[in-house]
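> Next one to model:
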Amino acid sequence: MRDLVTGATRFTGGHLARTLAASGHSVRALVREPDRARDLESCGIDLVRGDVRDRASLEAAMASVDVVYNIAAVYREAGVPSATYRAVNATAVGAIVEAAANARVRRVVHCSTVGVHGDVERPPATEDSPIRPGDIYQVTKVEGEEIAREVGRRVGLPVTIVRPSGIYGPGDRRLLRLFRGVVRGRLPILGSGQIYYHLTYIDDLVAGFRLCGEHPAAANRTYILAGGEVTTLNELVRLIAEVAGVRPPRLHLPVWPFWIAGALCEAVCVPFGIEPPIHRRRVDFFTKSRAFDITRAKTEIGYAPQVGLRDGIARTLLWYRQQRWL
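Take a look at the predicted model:
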């Protein structure tokens with residue numbers, strides 16, 4: 001197999017690219033700054049300078065490729081205009097599918113997010129649950145899905161949509177605040193802590209991506225990829241504390257003062273491109289339920305998470321400690 005991975009300099013894309021290369025695939029990564037991706041090159045991954053917003057670089061990267069994994073995205077960053085989110089998370093997706101069709105690629109696997117479902121009112125959500133994006137990141141991810149499907153139909157190229165949930169594991173930084181807060185005993189829980197949280201260990205997610213790229217049944221389908229265990233936030237925090245050998249947090253605080261503070265911080269900081277010390281999406285972490293049904297991926301393509309939550313937490317904690325981040 002000959003694969004192209006976008007977003008390979010980030011956590012998920014990097015794991016996917018290295019895993020594909022280690023399994024004997026010929027892997028190419030489209031990167032904006034090759035000098036900052038030499039670790040990928042040392043794994044036998046071919047680096048191509050370019051940007052998903054540039055059609056010429058897309059065409060160059062697609063040559064002789066069988067499967068394209070589009071992992072590139074603009075996540076939530078302070079001071080990023082809506083136009084940038086839309087250019088990368090939506091418009092570029094159509095260009096990727098068109099370039100893949102022109103290069104006679106067999107399939108495009110596009111990474112979206114379970115965030116397109118918003119706050120899940122009736123968990124667990126399935127792929128057919130209501131689409132309710134709550135911010136510009138999620139809105140443009142919905143648009144990216146729609147564009148990928150529409151262009152795929154028009155050019156006759158199979159496209160598979162992947163919606164991962166709560167990705168974590170060695171190399172991840174997005175959940176570092178949670179782990180660090182628990183380990184250091186400085187994590188107040190906003191609200192009751194009874195909302196659901198559904199994590200996905202990176203190795204399981206990468207295995208799911210490969211199935212979406214290679215399994216015949218995955219063509220033109222949408223899959224939620226998540227871990228095999230769902231917990232409440234309280235249970236997750238207790239488990240992290242237990243594995244870390246510390247006392248679990250017991251302090252619960254009301255949500256509304258922090259939500260108001262987050263809104264005020266955003267109003268002051270975001271116009272100047274400053275990351276707010278607190279913002280509403282961090283407060284949302286404590287209030288929005290995230291629980292998902294992975295039956296479709298299990299039954300149609302054989303997706304089977306292998307890393308249990310306790311084991312995944314232990315591996316992640318060990319990595320954080322090795323980095324001296326805790």
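> got the residue ranges for the strands in the protein?
For the chain, the strands defined by DSSP state E occupy 2-6, 26-31, 46-49, 67-70, 107-111, 159-164, 167-168, 189-190, 196-197, 200-201, 222-225, 231-232, 252-253.
> Please enumerate the helices of the protein.
11-22, 38-41, 55-62, 82-86, 92-102, 136-155, 176-183, 202-214, 233-244, 256-269, 280-284, 295-301, 309-322 (DSSP state H).
> Switch those over to CSV; also include distance to residue 76.
C-beta: built from backbone N, CA, C; applies to glycine. Below are those laid out as CSV (distance: least, CB to CB, whole Å):
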stretch, distance to residue 76
helix 11-22, 14
helix 38-41, 24
helix 55-62, 25
helix 82-86, 9
helix 92-102, 18
helix 136-155, 5
helix 176-183, 13
helix 202-214, 19
helix 233-244, 19
helix 256-269, 11
helix 280-284, 6
helix 295-301, 26
helix 309-322, 21
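> mean pLDDT for those helices: which is lowest?
With a mean of 74, helix 280-284 has the lowest mean pLDDT of the helices of the chain.
> residues making contact with it?
76, 119, 134, 135, 190, 255, 258, 259, 262, 263, 266 (CB atoms under 8 Å, 6 or more residues apart in numbering).
> Tell me who's in contact with the second one.
Residue 119 makes contact with 132, 134, 284, 287, 288, 289 under the criterion CB under 8 Å, 6+ apart.
> tell me the two of those that are most distant?
Pairwise distances across the contacts of residue 119 (CB to CB) peak at 14.4 Å, for the pair 132 and 287.
> roughly how far apart are the closest residue to residue 158 other than its chain neighbours and residue 107?
Once flanking residues are discounted, residue 158 sits nearest to residue 219: 3.7 Å by CB to CB, 6 or more residues apart in numbering. Here residue 219 is placed at a distance of 6 Å from residue 107 (CB to CB, to the nearest Å).
> quick one, which of those two is more surrounded?
residue 107 (22 against 14; other CB atoms under 10 Å).
> what sits opposite that one in the beta ladder?
In this entry, residue 107 is beta-bridged to residue 67, by DSSP bridges.
> Report pLDDT for it.
pLDDT for residue 107: 98.
> Report the contact partners of residue 244.
179, 182, 183, 317.
> Next: residue 164.
Residue 164 neighbours (CB under 8 Å, 6+ apart): 12, 111, 113, 114, 200, 205, 208, 224, 225, 226.
> if you set the cut-off to 6 Å instead, what comes out?
Contacts for residue 164 (CB atoms under 6 Å, 6 or more residues apart in numbering) come out as 200, 205, 225.
> next one: residue 45
Contacts for residue 45 (CB under 6 Å, 6+ apart) come out as 17, 21, 27, 29.
> Apart from its chain neighbours, what residue comes closest to it?
residue 27 (4.7 Å).
> from memory that neighbour sits against residue 19, does it?
No - applying CB atoms under 6 Å as the test, residue 27 and residue 19 come out as separate, 9.2 Å apart.
> higher neighbour count, those two?
Taking other CB under 10 Å, residue 27 and residue 19 do not tie; residue 27 has more neighbours (26 against 18).
> Can you get me a residue count around residue 131?
13.
> and if you look at residue 269?
Neighbour number of residue 269 under other CB under 10 Å is 17.
> Repeat that for residue 204.
Residue 204: 23 neighbours (other CB under 10 Å).
> Equivalent analysis for residue 218, please.
23.
> give the contact list for it.
By CB under 6 Å, 6+ apart, the contact set of residue 218 is 160, 212, 301.
> are any of the residues you listed buried, and which?
Applying a neighbour-count criterion of 16 or more other CB atoms under 10 Å, the buried members of the contacts of residue 218 are 160, 212, 301.
> and the residues you listed as JSON lines, adding distance to residue 41?
Output for these, formatted as JSON lines (distance: CB to CB, whole Å):
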{"residue": "160", "distance to residue 41": "28"}
{"residue": "212", "distance to residue 41": "26"}
{"residue": "301", "distance to residue 41": "31"}
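> Find the residue closest to residue 166 in space, skipping its chain neighbours.
Closest to residue 166 by CB to CB, 6+ apart is residue 199, at 4.3 Å.
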